[in-house]
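>>> Task: produce atomic coordinates for the following.
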Amino acid sequence: MRHVFFTSVLLLLIVNQSYSSVVIINGLTHVYSGSSGDQLQGEIILLNTTEFEQRVSFKLNDAIFSCDSDRFFSEKISHSQSSNTWFDGSLTDKVLAPKEKYVYRFSINIPKDPTLRGSFWTALMLDIEKPIKEERLTQNIDLDTKIRYAVGLLTNVNNYSEVNLDFQKLDLEQNTNTGGKSLFIKLINESLFIEGVKLSLEVYNQNGEKVLETSTKRNMVFPGFCKKYDIDISQLEKGDYECILIANARKEFVGTNVSLTIN
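Next up, the predicted model:
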């Protein structure tokens, strides 16, 4: 049984932690591994950085992914890989004293079903706000805006399957952020497990000379869903090129050849 913490963000932190009154010390994405019937222990470490009390409320959401739209969180919509019902922890509010460090503990109970295999996930939503004092209710002042964290709880169950990635779509387009040309790639994960995927691109001119080699950051791609990548190729001059595009996950590689024309 393994329990690994990742400090990178899987699920979007709606407000930057550096400006937050309460911060999560041990990361926003927690990854667990276990077998059917296992009970996995987890914790989220909170720190109230202010001189005031702060109320934290907890609730579960499903993170909904799609190849055609952005990910969103929902209390009402679920999916086949949801681990909401596996979660065992208090969902009552907690008031943190000034400068208090608090460890929120929970467990993930994997069902005993021996046929379970793959990655399952849920999102623990934390809303932060100052408690409303009785005297404040009689004053004409604005209430503080809530801060919301989405903490991803990802559980890998039983033995891994083979990596199964496929390039679903490749487009050469203008990048609205950089103003230059970018290669936009839609990658689909057809395996049972969440994969950390990094893309690499090698570009060769008509003389067979390598003129560009670049790579993306490693991103999580959820099973049955897509991830969109963009690779900046604005430094390439007009002309025809041959490219090798490679996806790397768990030290396994999936590649494709791409012919590219820059006008």
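>>> Helices of the stretch 151-263 of the chain, start to end?
Using DSSP state H, counting those that start in this stretch, the stretch 151-263 of the chain contains no helices.
>>> what about the stretch 51-200 of the chain, any weak spots by pLDDT?
Low-confidence segments of the stretch 51-200 of the chain (pLDDT under 70): 132-145.
>>> let's see 90
65-71, 129-147, 173-180 (pLDDT under 90).
>>> Please enumerate the strands of it.
54-64, 72-74, 87-88, 94-96, 101-109, 118-129, 147-157, 165-174, 181-189, 195-204 (DSSP state E, counting those that start in this stretch).
>>> Quick check: Asp93 touching Glu53?
No: checked against CB atoms under 8 Å, the pair Asp93 and Glu53 is beyond contact range at 11.6 Å. (C-beta placed from N, C-alpha, C; glycine too.)
>>> can I get the strands of the stretch 51-200 of the chain in TSV with distance to Ser35 and mean neighbour count?
Output for those, formatted as TSV (distance: least, CB to CB, whole Å; neighbours: other CB atoms under 10 Å):
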stretch	distance to Ser35	mean neighbour count
strand 54-64	23	18
strand 72-74	28	14
strand 87-88	18	14
strand 94-96	32	17
strand 101-109	12	15
strand 118-129	13	21
strand 147-157	7	22
strand 165-174	25	14
strand 181-189	22	20
strand 195-204	20	19
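>>> a markdown table for the ones you listed, including distance to Gly42?
Formatted as a markdown table, the strands of the stretch 51-200 of the chain follow (distance: least, CB to CB, whole Å):
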| stretch | distance to Gly42 |
| --- | --- |
| strand 54-64 | 13 |
| strand 72-74 | 19 |
| strand 87-88 | 9 |
| strand 94-96 | 16 |
| strand 101-109 | 5 |
| strand 118-129 | 9 |
| strand 147-157 | 7 |
| strand 165-174 | 28 |
| strand 181-189 | 24 |
| strand 195-204 | 20 |
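>>> So for Leu47, which of the ones you listed sits nearest?
strand 101-109 (5.0 Å; CB to CB).
>>> okay, the closest one in PDB with CA atoms only?
C-alpha atoms of strand 101-109 as PDB (Å, rounded to 0.1, in the frame of the first residue of the first chain):
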ATOM      1  CA  LYS A 101      -2.300  24.600  12.500                       C
ATOM      2  CA  TYR A 102      -5.000  22.000  12.000                       C
ATOM      3  CA  VAL A 103      -4.800  18.500  10.600                       C
ATOM      4  CA  TYR A 104      -8.000  17.300   8.900                       C
ATOM      5  CA  ARG A 105      -7.900  13.500   8.900                       C
ATOM      6  CA  PHE A 106     -10.000  11.200   6.700                       C
ATOM      7  CA  SER A 107     -10.000   7.700   5.300                       C
ATOM      8  CA  ILE A 108     -10.700   6.200   1.800                       C
ATOM      9  CA  ASN A 109     -12.300   2.800   2.000                       C
END
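>>> what's the closest of the strands of the stretch 51-200 of the chain to Phe225?
Evaluated over the strands of the stretch 51-200 of the chain, closeness to Phe225 peaks at strand 181-189, with 6.5 Å, by CB to CB.
>>> what lines up beside that closest one in the sheet?
Using DSSP bridges, the strands paired with strand 181-189 are strand 165-174 (antiparallel), strand 226-232 (antiparallel).
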